[in-house]
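**Student:** Test case, fold it:
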Amino acid sequence: MQSSHAWSQANLAAPETVEITSRDFTDGGSLAPRHTGKRVGGENLSPHLAWDELPTGPAELLLLVEDIDAPIGANPAVHCLAIIEEARLQTPNELPAGLTARNSGPGVAVLRAVIGRGYHGPNPSRATGRTATSSRSTHSATAS
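**Tutor:** Now for the predicted structure:
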């Protein structure tokens with residue numbers, strides 16, 4: 001039986017995973033304080049991201065940055081949600097650091113997430129006492 005979900009359609013086919021790298025952090029490494037929330041002394045600047053060359057065909061990517069260690073209810077906190085139009089990026093397969101709602105750059109449409117519009121770095125509440133500066137770069141991507 002064929003699935004009726006939109007992401008199962010042939011024109012939305014995408015690789016199972018896309019390797020994402022950054023100049024600003026390594027897999028399992030610490031995130032620089034400037035990329036954390038203002039409550040913990042950061043600047044809320046998004047880190048640089050780059051990804052593998054994608055197969056021909058995808059017109060857009062969906063960037064979803066979740067924090068599985070900071071749930072909001074039953075779901076992870078969403079630090080950033082954006083649609084990326086690859087053909088309009090200044091540098092192919094790359095987002096520079098500093099993505100904000102007001103300064104998203106060509107080819108990037110920042111959407112409203114649960115936390116708000118734009119990038120919102122790790123910003124643990126005073127009640128948790130945790131410093132959230134570690135990031136994992138194990139991501140999957142969906143192309144359309």
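
**Student:** Which residue, other than its chain neighbours, is closest to Arg23?
**Tutor:** Closest residue in space to Arg23, ignoring its immediate chain neighbours: His48 at 4.6 Å, by CB to CB, 6 or more residues apart in numbering. (Each C-beta comes from the backbone N, C-alpha and C, glycine too.)

**Student:** could you point out which element follows the helix or strand bottoming out on mean pLDDT in the chain?
**Tutor:** Ranking every helix and strand in the chain by mean pLDDT, DSSP states H and E puts strand 60-72 at the bottom, with a mean of 76. Next along the chain after strand 60-72, taking DSSP states H and E as the criterion, comes strand 75-85.

**Student:** ok, now how distant is Glu43 from Leu99?
**Tutor:** Plainly put, Glu43 is 12 Å away from Leu99 if you go by CB to CB, to the nearest Å.

**Student:** the more surrounded of these two?
**Tutor:** For Glu43 and Leu99, the more surrounded residue by other CB atoms under 10 Å is Leu99, and the numbers stand at 22 against 13.

**Student:** Spatially nearest residue to the more buried one (excluding sequence neighbours)?
**Tutor:** Ser46 (3.8 Å).

**Student:** does that neighbour really touch Tyr119, like I thought?
**Tutor:** Yes: using CB atoms under 8 Å, Ser46 is in contact with Tyr119, at 3.6 Å.

**Student:** who touches both of those two?
**Tutor:** Here Ser46 and Tyr119 share the contacting residues 80, 99-100, scored by CB atoms under 8 Å, 6 or more residues apart in numbering.

**Student:** check contacts around the residue nearest to Arg23.
**Tutor:** By CB under 8 Å, 6+ apart, the contact set of His48 is 22-24, 94-97.

**Student:** Mind putting those residues into JSON lines with distance to Glu86 and pLDDT?
**Tutor:** As requested, the contacts of His48 are exported to JSON lines (distance: CB to CB, whole Å; pLDDT from 0 to 100):
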{"residue": "Ser22", "distance to Glu86": "18", "pLDDT": "92"}
{"residue": "Arg23", "distance to Glu86": "19", "pLDDT": "92"}
{"residue": "Asp24", "distance to Glu86": "21", "pLDDT": "91"}
{"residue": "Glu94", "distance to Glu86": "10", "pLDDT": "90"}
{"residue": "Leu95", "distance to Glu86": "11", "pLDDT": "87"}
{"residue": "Pro96", "distance to Glu86": "15", "pLDDT": "85"}
{"residue": "Ala97", "distance to Glu86": "19", "pLDDT": "86"}
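
**Student:** Right, I'll leave it there.
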